[in-house]
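# here are the coordinates; sequence isn't available:
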DNA sequence: AGTGAAATTGTTACCGTAAAAAAAAGATTT
DNA sequence: AAATCTTTTTTTTACGGTAACAATTTCACT
């Protein structure tokens, strides 16, 4: 009863042409007469012909789909980066398959295998926090499936990468704090293994150094992103003999927690203590006081990641050198820091 | 140079069997000798054989992929619903293709067609705010591709649906406000065409009625979700001769804006005015005061949507009646409302 | 008219899998 | 021992589109 799909063969029969001529008429630019092409295209239009992607895939051994593996789509940074990826990929006729590792190494491995099974042509990935071992991605390389890392990267792994200049972003932010008069600036860093955590920490240290401020180890704490842990760290920082007059956090979410605790202690932001985050989530301009933070070009990161992916995909034969693109950040000054 | 994929044919050759015997050995339950099956499975394991999904798709005319079309993945509600969808779909061996309409009707149509072209087996969709005309979804039905709507639905459209009991959710919230002593409760509703907006508005009215409170039309405003519009509405409400003592908003995002404006006016929350939102976004417990809101089981919504999808997919031949599942909400009482 | 080159179209094979049909081997019955 | 029925294995075919190659037509130029 169901109306079946119009196929290339069907078109060919009706036009008294061979299937390949029809195929060429629909795809090729020359090598086909104007008149035939028009006839074919017209009938195709009329019958609403739609090529069968499975058949195309099978023939070309290409799926025209890219795997996208992120820790969590609910994070606005990833959601935005995915939008960038989506736009660039769709524009090139590629579909994307979005998967979440939920920051679990095991899930990441499982999903990698699933994506491998579904034969994606490439993989765009931001590894989980837990991921130390990158063997599961090496499998892709072995099968000539390009892998592009973004946001979080591994120095040791072969592949194109898109990152943000975390170092400069952090340094600029901390220098701004110094310029507004802060002298005891604490840093709540992210989990130690994360590439961005190290970079931001280094940027923080560089800023202190360039202003000849001592780097007091008691002011630097790594957190595991859990609520309790952040809470403990902030409590400790506030109870130091000489209280910090600013806290630069690894990301905005940590900053929100810090702000709540600081306010609960009756301290004023920014008069008693300045707070600076990293990422510029939408929420950051909504809370009070609005958070000064380092904005990342999330959408652009996604676009560039796809661009680097196509560099690899387009030249399947030649060896294209891997590239690492570094995008710049922008300090967004709001009300959680003192005025210059 | 590149090692090519192990194919069924390859296995067959090595084992001196026909490809179809190998296929049966890997899939069928009986109709094959134990020993052969073991031999095949062992070699498949050894060579890391992975079936080619394109070939399978072509043969079965099934893509084992579901389209997921939402307004915006960056919204925590959708991100969470997608997680539920993802889990349920992957568990059943289906991939999902996530797309965003960005609340644009035109984009929604374009994406629908793209998903149609890529031959998804089913579509899970939450229509854009702009969408009034559902013709583009009818195309799916015509091709026997099930469509399941979630969150926002059209009464007139055929298909399974998953919604939340917006009516009860709103009524419970407003009744709670009344129980805490509020008497002039304003409602900032969503865009009029949205199904949930109407439902929540009706729930609000029902609550007033059951407590014999008058429904003052000046207290009910539809907003278009834009910042400016919300801002104007709140200004107007606060300048009424008799100021409202509570505002129930269509969703949390509106509530955040309302709170900021109310606080800026020097009014205290909840002493002078109570605020209740809808959705329970993660942010709602972070802001101050923490927002009282109606929680929706977003993850569950996703799971149920997939479940209804499979009801349709599994019985391709028989006509399975469409179903509408209604899930219950839960009032989360925090600090933006007075104590009971 | 004849030749060759260029332009256009047709033929064929194949991609990997699975359903259906056919064949072969083995077991059971008459 | 022949015939029938199982069981197991093999072959055939089809899915829809594409590319390589082959064949045909067109056309310009001797």
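In hand now; what should we look at? Note that the structure is predicted; figures quoted are calculated from it, not measured. Numbering: from 1, shown residues only, chains lettered A, B, ... in the order given.
# Now stretch A:274-289: buried residues?
In terms of neighbour count (16 or more other Cβ atoms under 10 Å in any protein chain shown), stretch A:274-289 has its buried residues at A:274-281, A:283-284, A:286-288. Heads up, the C-betas are built off the backbone N, CA and C, glycines and all.
# Can you confirm whether it lies near chain B?
Yes. Stretch A:274-289 reaches chain B (Cβ under 8 Å from any Cβ of the partner chain) through A:282, A:283, A:286, A:287, A:288.
# re the thing from before, how about TSV for the buried residues of stretch A:274-289, with secondary structure and pLDDT added?
Shown next, in TSV, are the buried residues of stretch A:274-289 (DSSP: H, G, I helix; E, B strand; the rest coil; pLDDT from 0 to 100):
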residue	secondary structure	pLDDT
A:274	strand	98
A:275	strand	98
A:276	strand	98
A:277	strand	98
A:278	strand	98
A:279	strand	96
A:280	coil	96
A:281	coil	93
A:283	helix	87
A:284	helix	93
A:286	coil	84
A:287	coil	87
A:288	coil	85
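# Show me the strands in the stretch 151-300 of chain A, by range?
For the stretch 151-300 of chain A, the strands defined by DSSP state E, counting those that start in this stretch occupy A:160-164, A:185-189, A:220-222, A:246-249, A:274-279, A:292-295.
# these two touch, right, residue A:216 and residue A:185?
No. Judged on Cβ atoms under 8 Å, residue A:216 makes no contact with residue A:185 at a distance of 9.2 Å.
# Could you check which of these two has the larger neighbour count?
Between residue A:216 and residue A:185, residue A:185 has the larger neighbour count (other Cβ atoms under 10 Å in any protein chain shown), namely 25 against 14.
# show me the contacts for that one.
By Cβ atoms under 8 Å, 6 or more residues apart in numbering or on different chains, residue A:185 lies in contact with A:174, A:177, A:178, A:204, A:208, A:213, A:219, A:244, A:245, A:246, A:247, A:248.
# just checking: which of these also lie near chain B?
Within the contacts of residue A:185, nothing lies near chain B by Cβ under 8 Å from any Cβ.
# What remains of those if I keep only buried residues?
The buried subset of those - by 16+ other Cβ under 10 Å - is A:174, A:177, A:178, A:204, A:208, A:213, A:219, A:244, A:245, A:246, A:247, A:248.
# which one among the contacts of residue A:185 gets closest to DNA strand D?
residue A:204 (52.5 Å; Cβ to the nearest atom of the strand).
# re earlier: let me have the contacts of residue A:185 in a markdown table, extended by pLDDT and distance to residue A:44.
As requested, the contacts of residue A:185 are exported to a markdown table (pLDDT from 0 to 100; distance: Cβ to Cβ, whole Å):
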| residue | pLDDT | distance to residue A:44 |
| --- | --- | --- |
| A:174 | 98 | 61 |
| A:177 | 98 | 63 |
| A:178 | 98 | 66 |
| A:204 | 98 | 60 |
| A:208 | 97 | 66 |
| A:213 | 96 | 70 |
| A:219 | 97 | 68 |
| A:244 | 97 | 69 |
| A:245 | 96 | 70 |
| A:246 | 98 | 65 |
| A:247 | 98 | 63 |
| A:248 | 98 | 60 |
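# Closest to residue A:232 out of the residues you listed?
residue A:247 (14.1 Å; Cβ to Cβ).
# Does that closest one touch residue A:257 like I think?
No. Counting by Cβ under 8 Å, residue A:247 does not reach residue A:257; the two are 10.7 Å apart.
# Out of the buried ones among the contacts of residue A:185, flag the one nearest to DNA strand C.
Closest to DNA strand C, out of all of the buried ones among the contacts of residue A:185 and judged by Cβ to the nearest atom of the strand, is residue A:204, at 52.1 Å.
# Which residues are in contact with the closest one?
Applying Cβ under 8 Å, 6+ apart, the residues near residue A:204 are A:170, A:171, A:174, A:185, A:187, A:220, A:248.
# Skip the chain neighbours and tell me the closest residue to the second one.
Spatial nearest neighbour of residue A:171, excluding adjacent residues (Cβ to Cβ, 6 or more residues apart in numbering or on different chains): residue A:203 at 3.9 Å.
# Let me know whether the one you found touches residue A:169 as I believe.
Yes. Here residue A:203 reaches residue A:169: they are 6.6 Å apart, a contact under Cβ under 8 Å.
# Just give me the closest of the residues of stretch A:274-289 next to chain B to DNA strand C.
Nearest member of these to DNA strand C, counting by Cβ to the nearest atom of the strand, is residue A:282, at 44.9 Å.
# quick one, what contacts that closest one?
A:76, B:74.
# coming back round to it: what residues do residue A:247 and residue A:257 have in common as contacts?
Shared contacts of residue A:247 and residue A:257, counting by Cβ under 8 Å, 6+ apart, come down to residue A:234.
# Based on its surroundings, how many neighbours for residue A:314?
Neighbour number of residue A:314 under other Cβ under 10 Å is 10.
# do you know how far it is from residue A:92?
Residue A:314 is 10 Å from residue A:92, where distance means Cβ to Cβ, to the nearest Å.
# and if you look at residue A:60?
On the measure of Cβ to Cβ, residue A:60 and residue A:92 end up 15 Å apart.
# Those two: which has the busier surroundings?
residue A:92 (15 against 10).
# list the buried ones in stretch A:204-218?
A:204, A:205, A:206, A:207, A:208, A:213.
# and which of those is nearest chain B?
residue A:204 (24.7 Å; Cβ to the nearest Cβ).
# Just put the residues of stretch A:274-289 next to chain B in a markdown table and tack on distance to residue B:103.
Shown next, in a markdown table, are the residues of stretch A:274-289 next to chain B (distance: Cβ to Cβ, whole Å):
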| residue | distance to residue B:103 |
| --- | --- |
| A:282 | 15 |
| A:283 | 20 |
| A:286 | 20 |
| A:287 | 25 |
| A:288 | 28 |
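# Rebuild these as TSV, extending it with distance to DNA strand D.
Shown next, in TSV, are the residues of stretch A:274-289 next to chain B (distance: Cβ to the nearest atom of the strand, whole Å):
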residue	distance to DNA strand D
A:282	42
A:283	46
A:286	49
A:287	52
A:288	56
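# my guess is residue A:187 meets residue A:222, correct?
No. Between residue A:187 and residue A:222 there is no contact under Cβ under 8 Å: 9.4 Å.
# The contacts of residue A:204 also near DNA strand D: which ones?
Among these, no residue lies close to DNA strand D (Cβ under 7 Å from any atom of the strand).
# Tell me the one of those nearest chain B?
residue A:248 (19.5 Å).
# ok, now how distant is the closest one from residue A:186?
Taking Cβ to Cβ, one finds residue A:248 at 7 Å from residue A:186.
# Then residue A:258?
9 Å.
# Ok, residue A:239 next?
In terms of Cβ to Cβ, residue A:239 sits 12 Å off from residue A:186.
# same thing with residue A:110?
For residue A:110, the distance to residue A:186 - Cβ to Cβ - is 38 Å.
# Now the helix or strand hosting residue A:9: buried residues?
Assigned by DSSP states H and E, residue A:9 belongs to helix A:8-15. Using 16+ other Cβ under 10 Å as the test for burial, helix A:8-15 gives A:8, A:10, A:11, A:12, A:15.
# Show me what from chain A comes close to DNA strand C.
A:16-21, A:24-25, A:30-36, A:55, A:58-59, A:61.
# Show me those that map onto helices.
A:19, A:20, A:21, A:24, A:25, A:34, A:35, A:36, A:55, A:58, A:59 (DSSP state H).
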